[in-house]
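In: Curious how this folds, go ahead:
(2 chains)
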Amino acid sequence: GAGVSQSPSNKVTEKGKDVELRCDPISGHTALYWYRQSLGQGLEFLIYFQGNSAPDKSGLPSDRFSAERTGGSVSTLTIQRTQQEDSAVYLCASSPSVNTEAFFGQGTRLTVV
Amino acid sequence: AQKVTQAQTEISVVEKEDVTLDCVYETRDTTYYLFWYKQPPSGELVFLIRRNSFDEQNEISGRYSWNFQKSTSSFNFTITASQVVDSAVYFCALSGRRTSGSRLTFGEGTQLTVNP
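Out: The predicted structure is shown next:
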């Protein structure tokens, strides 16, 4: 596709369940980011992948959060044992290389009930 | 570490007024990049501009203009003759290779409301 694609667009889950959020970046983009945006808040950095380098995981809020990027393309963000405070919009972005503009997907709205 | 500060949480103007959104940044990188993004009510972040630290020339694009001043570590954004469609949250962001591995650091955002 032409842009960054995220799925699902909305996810409602019960507290304690695991969830997987998917991001398809723009083809050929080497950098991929995950951010979290809580209602009315700014963008909280979660994790950053750049090419074959080790990912920058410094923003992951707890060990319940993990992410992988397979084959330098699709990325999955996994949240284990979800908590209500995990409710937010999870945004994925990709960019052609380092320090270039990032293009964002529409986000996945996660609601933990 | 790097940091972006957008001190204005909310701004409200009347249509056709000019409005400036402030952005101040901190970085130890000598080479870095600054960005502005717009997030309309639909939620998708839209890229507006990217500047590198070696280029302090101001830029104008239609009703939008950007003022980059390294001496004050600021990268301000002005909308001239604002329109209702400009209502959105605007984010300033920074990336730099050495201290942060090039990840994007965003400010808290400024909610701009343009009233008819």
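In: mind listing the helices for chain B?
Out: Taking DSSP state H as the criterion, chain B carries its helices at B:97-100.
In: what residues does it put near chain A?
Out: Contact residues (C-beta under 8 Å from any C-beta of the partner chain) of chain B with chain A: B:32-33, B:35, B:37, B:43-45, B:47, B:50, B:52, B:91, B:95-97, B:101-109. For every residue, glycine as well, the C-beta is placed using N, CA and C.
In: Contact partners for B:Ser61?
Out: By C-beta atoms under 8 Å, 6 or more residues apart in numbering or on different chains, the residues touching B:Ser61 are B:Ile49.
In: Who does it form a beta bridge with?
Out: For B:Ser61, the beta-bridge partners are B:Tyr64 (DSSP bridges).
In: Show the low-confidence segments of chain A, by residue range.
Out: By pLDDT under 70, the low-scoring segments of chain A are A:1.
In: hey, where'd the strands end up in it?
Out: Under the criterion DSSP state E, strands of chain A are mapped to A:5-7, A:10-13, A:19-24, A:31-37, A:44-50, A:65-69, A:75-79, A:88-95, A:103-104, A:108-112.
In: pLDDT-wise, which helix or strand of chain B ranks last?
Out: helix B:97-100 (a mean of 63; mean pLDDT, DSSP states H and E).
In: can I get the strands of chain A in TSV with distance to chain B?
Out: Formatted as TSV, the strands of chain A follow (distance: least, C-beta to the nearest C-beta, whole Å):
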stretch	distance to chain B
strand A:5-7	10
strand A:10-13	12
strand A:19-24	14
strand A:31-37	6
strand A:44-50	4
strand A:65-69	14
strand A:75-79	15
strand A:88-95	7
strand A:103-104	4
strand A:108-112	9
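In: possible to save those as a markdown table with mean neighbour count?
Out: Putting those into a markdown table (neighbours: other C-beta atoms under 10 Å in any protein chain shown) gives the following:
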| stretch | mean neighbour count |
| --- | --- |
| strand A:5-7 | 18 |
| strand A:10-13 | 14 |
| strand A:19-24 | 18 |
| strand A:31-37 | 24 |
| strand A:44-50 | 21 |
| strand A:65-69 | 17 |
| strand A:75-79 | 20 |
| strand A:88-95 | 24 |
| strand A:103-104 | 21 |
| strand A:108-112 | 18 |
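In: a markdown table please, covering those and showing distance to B:Phe77.
Out: As requested, the strands of chain A are exported to a markdown table (distance: least, C-beta to C-beta, whole Å):
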| stretch | distance to B:Phe77 |
| --- | --- |
| strand A:5-7 | 27 |
| strand A:10-13 | 32 |
| strand A:19-24 | 28 |
| strand A:31-37 | 20 |
| strand A:44-50 | 21 |
| strand A:65-69 | 31 |
| strand A:75-79 | 30 |
| strand A:88-95 | 20 |
| strand A:103-104 | 18 |
| strand A:108-112 | 28 |
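In: In contact with the spatially most central residue of chain A: list those residues for me.
Out: Taking C-alpha atoms, centre = their mean, the centroid of chain A lies closest to A:Trp34, which sits 3.4 Å from it. Listed by C-beta under 8 Å, 6+ apart, the contact set of A:Trp34 reads A:Cys23, A:Leu46, A:Ile47, A:Tyr48, A:Ala67, A:Ser75, A:Leu77, A:Tyr90, A:Leu91, A:Cys92.
In: State the pair within those that is farthest apart.
Out: Within those, two members stand farthest from each other by C-beta to C-beta: A:Tyr48 and A:Tyr90, at 14.2 Å.
In: Counting neighbours, what do you get for B:Cys23?
Out: Residues lying near B:Cys23 (other C-beta atoms under 10 Å in any protein chain shown) number 27.
In: For it, which non-adjacent residue is spatially closest?
Out: Computed as C-beta to C-beta, 6 or more residues apart in numbering or on different chains, the closest residue to B:Cys23 that is not its neighbour in sequence is B:Cys92, at 3.5 Å.
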